[in-house]
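Chemist: below are the sequence and a predicted model for it; my questions follow.
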Amino acid sequence: MKTELLTADLFEWKDVAKQAAEIISNGEVVALPTETVYGLAASIHNEEALKKVFTAKERPSYDPLIVHIGTVSDLDEIAEISEELRPIVDQLIEKFWPGALTLVLPKKESISDLITSGLDTVAVRMPSHEIMQEVCKLAGPLAAPSANRFGRISPTSASAVEKELDGRIALIVDGGACREGLESTIIKPSPAPSEGKKAIFTLLRPGAVPREQLREFGKIEKPKPPKKGEETPQTVEAPGLLDSHYAPITPLFLYDSIDEFKPEEGKKYGLLSLKGENGDFFKAYQWDKEITLSPGSGKISEGAVRFFWALRQLDEAGLDAIIAEPMHTANVGEALMDRLKKASVNR
Ligand code: TXA
Ligand code: MG
């Protein structure tokens, strides 16, 4: 299949969104920019198109998809929200949508098992990216995982999508670099257990919305592990969130201290650094390639935006190994360290 590439610039983006929506309505899958990472979108109403998403990504069927909506009123077509759950869902929507917060909610009967992997819940978010939002308005709610092959580095640019999926999908819309750079935060909200208590949020995946911003609205809990011997995709609260993910082909080692790094003669090593010269790793070795996520200030939000891009650059540099220095875990740093651990072979 020939993959078409359309560039959505400042003046023509609405026209490009219209073309993308038409192709989706004809049953094809299209890679679209969102504020977090590029997504591979299919209509939630077209089973054949949903299957194409899994095939193009080589994604196992036990890993459910996120539904993206263009307007809040579409939520009632997707999720069955009880009276007890409604107030907290409304508060979260008011504060975080459109944006990078995904809510896992009881699903409407009509939602395909292909989307939910047979679970009785569905993940939903309303993206803030104007192109993605427009296509959702024109073509209806879209199921869209990140537009990479399963387990690989998430794409934050159209060229990264091309490297992952060229020849496998009908269209890539180039909307430039993603402004958040890490995937959405996924929570499963539950009503407050009793009067005067806070709602409970099970944090299924840290992401672009930091826990510091969610705390005001509810108590954040870890997912409960399934009983021993009962670990199936249906009993795991966040199926698809495997320990190995976002991985470069070049092995990546995440060390707490540069002392753990034991270079071998004749091998090429690259460094992924947050602060560059201001960190301990930078000057300790003659790196064959080095990428600093936030030169000078070591700002974690800047690091997050550049992270997947940097991983890809290092992976394409012909190195024997990538060494990563630890980053702090405040704010979006929690999501960054989560991705870094999953990308590494030693954590
Ligand atoms: O920022 C994002 O969330 C991006 C953009 C494209 O929106 N999407 C994304 O999708 O990261 P994906 O497919 O790469 O990751 C979605 C994850 C799944 O791996 C799964 O763990 C979780 O969302 N998920 C989806 N439906 C779920 C459900 N019903 N219950 C629990 N987890 C669910
Ligand atoms: Mg993904």
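Modeler: Everything's here; your move. Residues are numbered from 1 along each chain as shown. Ligands and ions are numbered 1, 2, ... in the order given.

Chemist: for the record, mean pLDDT for the biggest helix by length in the chain?
Modeler: Criterion DSSP state H: the longest helix present in the chain is helix 300-315. Averaged across helix 300-315, the pLDDT comes to 97.

Chemist: distance from the chain centre to it, please.
Modeler: On the basis of CA atoms, centre = their mean, to the nearest Å, helix 300-315 sits 14 Å off its chain's mean C-alpha point.

Chemist: show me what counts as buried in it.
Modeler: 300-312, 314-315 (16 or more other CB atoms under 10 Å). All C-beta atoms are positioned from the backbone trio N, CA, C, and that covers glycine.

Chemist: got a list of contacts for that helix?
Modeler: 37, 153-157, 160, 163, 177-182, 208, 246, 248-250, 252, 270, 272, 274, 289, 291, 293-294, 322, 327-328, 330-333, 335-336, 339-340, 343 (CB atoms under 8 Å, 6 or more residues apart in numbering).

Chemist: residue 141: how many residues sit nearby?
Modeler: Neighbourhood size, residue 141 [other CB atoms under 10 Å]: 24.

Chemist: relative to ligand 1, how far out is it?
Modeler: Distance, residue 141 to ligand 1, using CB to the nearest ligand atom, to the nearest Å: 12 Å.

Chemist: my read: that residue touches residue 65, true?
Modeler: No - using CB atoms under 8 Å, residue 141 is not in contact with residue 65; the gap is 11.0 Å.

Chemist: spell out which parts of this structure neighbour ligand 1.
Modeler: Counting by CB under 6 Å from any ligand atom, the residues of the chain close to ligand 1 are 34, 36-37, 39, 63-66, 102, 104, 116, 119, 121-123, 144-146, 183-184, 186, 204, 238-241.

Chemist: in helices, which of these fall?
Modeler: Secondary structure from DSSP H places residue 116 of these in helices.

Chemist: narrow the residues of the chain next to ligand 1 to just the buried residues.
Modeler: Buried residues within the residues of the chain next to ligand 1, counting neighbours by 16+ other CB under 10 Å: 34, 36-37, 39, 63-66, 102, 104, 116, 119, 121-123, 144-146, 183-184, 186, 204, 238-240.

Chemist: so of these, which ones are in strands?
Modeler: With strands taken from DSSP state E, the overlap with these comprises 39, 66, 102, 104, 121, 122, 123, 186, 204.

Chemist: where along this protein do the helices fall?
Modeler: According to DSSP H, the helices that the chain contains are 13-25, 47-57, 75-78, 86-96, 113-116, 130-139, 158-165, 211-214, 300-315, 333-343.

Chemist: okay if I get the ones you listed as a markdown table plus distance to residue 6?
Modeler: Output for the helices of the chain, formatted as a markdown table (distance: least, CB to CB, whole Å):
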| stretch | distance to residue 6 |
| --- | --- |
| helix 13-25 | 5 |
| helix 47-57 | 18 |
| helix 75-78 | 28 |
| helix 86-96 | 30 |
| helix 113-116 | 26 |
| helix 130-139 | 10 |
| helix 158-165 | 9 |
| helix 211-214 | 34 |
| helix 300-315 | 21 |
| helix 333-343 | 29 |
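
Chemist: bridged to the residue lying closest to residue 207 once chain neighbours are set aside, which residues?
Modeler: Nearest residue to residue 207, sequence neighbours excluded (CB to CB, 6 or more residues apart in numbering): residue 185, at 3.5 Å. Note on residue 185: beta-bridge partners by DSSP bridges are residue 101.

Chemist: list the contacts of residue 185.
Modeler: Applying CB under 8 Å, 6+ apart, one finds that residue 185 lies in contact with 100-102, 203, 205-211, 214, 335.

Chemist: let me have those residues in CSV, extended by distance to residue 8 and pLDDT.
Modeler: Formatted as CSV, the contacts of residue 185 follow (distance: CB to CB, whole Å; pLDDT from 0 to 100):
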residue, distance to residue 8, pLDDT
100, 20, 98
101, 24, 98
102, 24, 98
203, 33, 97
205, 28, 96
206, 29, 97
207, 24, 98
208, 21, 98
209, 25, 98
210, 29, 98
211, 33, 97
214, 31, 98
335, 26, 97
